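Chemist: whatever this is, show me its structure:
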Amino acid sequence: MTGCTKVSPGCAHCYAETFAERFRGVPGHPYERGFDLQLRPERLEQPLKWAQPRMIFVNSMSDMFHEDIPLPYIREVFKVMRKAKWHTFQILTKRSQRLAEIAPTLRWPDNVWMGVSVENRRWTSRIDDLRNVPARVRFLSCEPLLGPLRLDLRDIGWVIVGGESGARARPMKPEWARDIRQQCKDAGVAFFFKQWGAHNEAGERVGKGKAGRELDGRVWGAMPVSTA
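Modeler: Next comes the predicted model:
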């Protein structure tokens, strides 16, 4: 599926929407309808054709648990992920309530990792919804990180932190990232610092990709451990 609608502050400057809307109205283009929500059944079995194991970010251009995506269709996605057991699938949602509601009705294979976005303290409740999902790996994406967070990391195996990119990006303060890093260390949870985004550690806007992904002079790239 592709396309989505905004639900919280992390959506404000959505990179996927910006990309898709560039092609709205272009005849024959995959994003001729821009960022309108669309099911793409012709793509369902793509992973079965990829013989080499890979990490697959499911729905980088959508949210699988969007309220307008039918449950039978979500089950079809899970069916393919179970079949393609040589791949690892990462799913990320901001719609944790719907996730929690339907998770018990889905069959969760070990190669499916489930995560929720937590961009500021208003949305830490998503972690409670995630905690009850029977995924082998449960993770948090604090990207774009828009403020300080106090995280309950029980039964969470991985935390990703990153700043916002794009022309209207909001800067991330280094102390926010450092505090989450310490929380992960204290809880024994893998910490992954993805990027600074459009602003560097000093809060200065820099060119695309120039801020890098070093925090305090080094790269933090730990990968998750099982939480189920």
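Chemist: how about the residue nearest the centre of the chain, nearest residue that isn't a chain neighbour?
Modeler: The centre of the chain sits closest to Leu92, judged by C-alpha atoms, centre = their mean, with a distance of 3.8 Å. Here the nearest residue to Leu92 in space, its sequence neighbours aside, is Gly115; by C-beta to C-beta, 6 or more residues apart in numbering that works out to 4.6 Å. C-beta here means a position set from N, CA and C on the backbone, and glycine is covered the same way.
Chemist: helix or strand: which one has the one you found?
Modeler: Element membership for Gly115 (DSSP states H and E) is strand 112-117.
Chemist: avg pLDDT for that strand?
Modeler: For strand 112-117, mean pLDDT rounds to 98.
Chemist: and stretch 161-174, by the same measure?
Modeler: 93.
Chemist: let the chain start at 746 from now.
Modeler: New numbering, starting at 746: the last item is stretch 906-919.
Chemist: and Leu793, what is it in contact with?
Modeler: Val825, Lys828, Ala829 (C-beta atoms under 8 Å, 6 or more residues apart in numbering).
Chemist: for it, helix, strand, or coil?
Modeler: With DSSP: H, G, I helix; E, B strand; the rest coil as the basis, Leu793 sits in helix.
Chemist: relative to His944, how far out is it?
Modeler: 41 Å (C-beta to C-beta, to the nearest Å).
Chemist: and for Trp795?
Modeler: Taking C-beta to C-beta, one finds Trp795 at 36 Å from His944.
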